[in-house]
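In: below: sequence and its predicted model.
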Amino acid sequence: MCSESVPWKRHRLIISNTLTLKSLTIQHIMTDKKMILQNIGMHGKKTVVEGSTLIYPKQLGESTKKDEGNRK
């Protein structure tokens, strides 16, 4: 269980998408009375499924450490 308050932040998105891809049912506990079922790509981060692989393409406006190093 992760203490991150929302499923689309940080590692929680990657872990829940990976487990969903492996045919496990994932439910996010949002409050003591609300749970939501995980679906790959449901949180706005574009996710491409290629066989048993998840790919997260660079989003418009995102930079990587490699990009930042090239600016120096």
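Out: In hand now; what should we look at? Residues are numbered from 1 along each chain as shown.
In: what's the longest helix that the chain contains packed up against?
Out: Assignment by DSSP state H gives helix 11-21 as the longest helix of the chain. Helix 11-21 sits against strand 53-55, with contacts defined as 3 or more Cβ pairs under 8 Å, 6 or more residues apart in numbering; DSSP states H and E. No exception for glycine: its C-beta is placed from N, CA and C like everyone else's.
In: rerun that using 10 Å as the cut-off
Out: Helix 11-21 is packed against strand 27-29, strand 48-50, strand 53-55, with contacts defined by 3 or more Cβ pairs under 10 Å, 6 or more residues apart in numbering; DSSP states H and E.
In: within the sheet, what are the partner strands of the second one, with directions?
Out: Partner strands and pairing direction for strand 48-50 (DSSP bridges) are strand 53-55 (antiparallel).
In: and Lys45, what does it touch?
Out: By Cβ atoms under 10 Å, 6 or more residues apart in numbering, the residues touching Lys45 are 8, 13-14, 17, 56-57, 59.
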